[in-house]
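Novice: sequence and predicted structure below; questions after.
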Amino acid sequence: MHLLERIMHILRGIGLDLKDLSTLTFFGMTLIQIAPIRIDPWSWLLNKAGMFLNRSVLNEIRKTNEKVHSIEISQEELKYSFNQAEAITARRNIVEFGDSLFRDNYRSQDSFEQVLDDIDLYEKYCRKHPEFKNNQTVITSHVIKEVYEDCLKRKQFDGKKRERKE
């Protein structure tokens with residue numbers, strides 16, 4: 001005998017039919033939901049029905065969230081690559097500027113300040129990314145800063161050679 005048949009047999013034995021059982025179930029679930037111990041059969045039932053009815057929409061939302069996460073990862077990778085390329089460009093600018101100073105080709109104060117910005121950017125990037133190949137501009141950066149300070153003290157830029165320290 002199946003469970004439903006057993007239940008029907010018991011109900012007939014006490015003088016109830018399926019309609020009465022439905023009514024009792026409805027009021028029983030309502031009373032349980034109102035009771036101080038919050039058992040929410042209606043909310044649970046409606047939640048399950050909503051999940052069933054909206055399963056395709058929920059599945060699409062899950063797929064969209066996965067795509068958004070993938071895009072966020074790609075964005076972080078691009079940001080990392082961009083910042084690394086910016087640091088490499090700054091390093092190249094530092095080296096080229098240093099080479100021109102070693103050839104006694106002095107630059108304007110604006111050029112010095114631009115390369116000092118590049119030095120700051122490069123040094124910050126190197127501190128933040130210890131795995132990045134570093135220490136290629138330490139001496140050059142020091143020389144640039146030293147020459148800049150000398151030019152500031154003498155108030156003389158734009159191609160004027162300084163006296164070499166021997």
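Specialist: Great, that's in hand. Numbers count the residues shown, from 1 in each chain.
Novice: all contacts plus neighbour counts: C-alpha atoms, from now on.
Specialist: Noted.
Novice: which secondary element of this protein has the worst mean pLDDT?
Specialist: None of the helices or strands of the chain scores lower by mean pLDDT, DSSP states H and E than helix 18-34, at a mean of 66.
Novice: and the next helix or strand past the helix or strand encompassing Ser56?
Specialist: Using DSSP states H and E, Ser56 maps to helix 55-102. Counting by DSSP H and E, the next helix or strand C-terminal to helix 55-102 is helix 109-128.
Novice: residues contacting that following helix, please?
Specialist: With contact meaning C-alpha atoms under 8 Å, 6 or more residues apart in numbering, helix 109-128 is reached by 83-84, 87-88, 90-91, 93-94, 97, 132, 134, 141, 144-145, 148, 157-158.
Novice: ok, back up a step: for the helix holding Ser56, packing partners?
Specialist: helix 109-128, helix 138-154 (3 or more C-alpha pairs under 8 Å, 6 or more residues apart in numbering; DSSP states H and E).
Novice: let's see it at 10 Å
Specialist: Here helix 55-102 touches helix 41-53, helix 109-128, helix 138-154, going by 3 or more C-alpha pairs under 10 Å, 6 or more residues apart in numbering; DSSP states H and E.
Novice: could you dump the ones you listed to JSON lines with distance to Lys79?
Specialist: JSON lines is the format used below for the helices and strands packed on helix 55-102 (distance: least, C-alpha to C-alpha, whole Å):
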{"stretch": "helix 41-53", "distance to Lys79": "38"}
{"stretch": "helix 109-128", "distance to Lys79": "13"}
{"stretch": "helix 138-154", "distance to Lys79": "25"}
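Novice: quick check: mean pLDDT of the helix holding Ser56?
Specialist: Helix 55-102 carries an average pLDDT of 93.
Novice: okay but Met51 is in contact with Leu58, surely?
Specialist: Yes: using C-alpha atoms under 10 Å, Met51 is in contact with Leu58, at 7.9 Å.
Novice: how near is Thr25 to Asn59?
Specialist: Separation of Thr25 from Asn59 (C-alpha to C-alpha, to the nearest Å): 33 Å.
Novice: same question but for Glu76, I mixed them up
Specialist: For Glu76, the distance to Asn59 - C-alpha to C-alpha - is 26 Å.
Novice: show me what contacts Ile139?
Specialist: Applying C-alpha atoms under 10 Å, 6 or more residues apart in numbering to Ile139 gives the contacts Val95, Gly98, Lys145.
Novice: which one (most neighbours) among those residues?
Specialist: In terms of neighbour count, Gly98 stands highest of these at 23 neighbours, by other C-alpha atoms under 10 Å.
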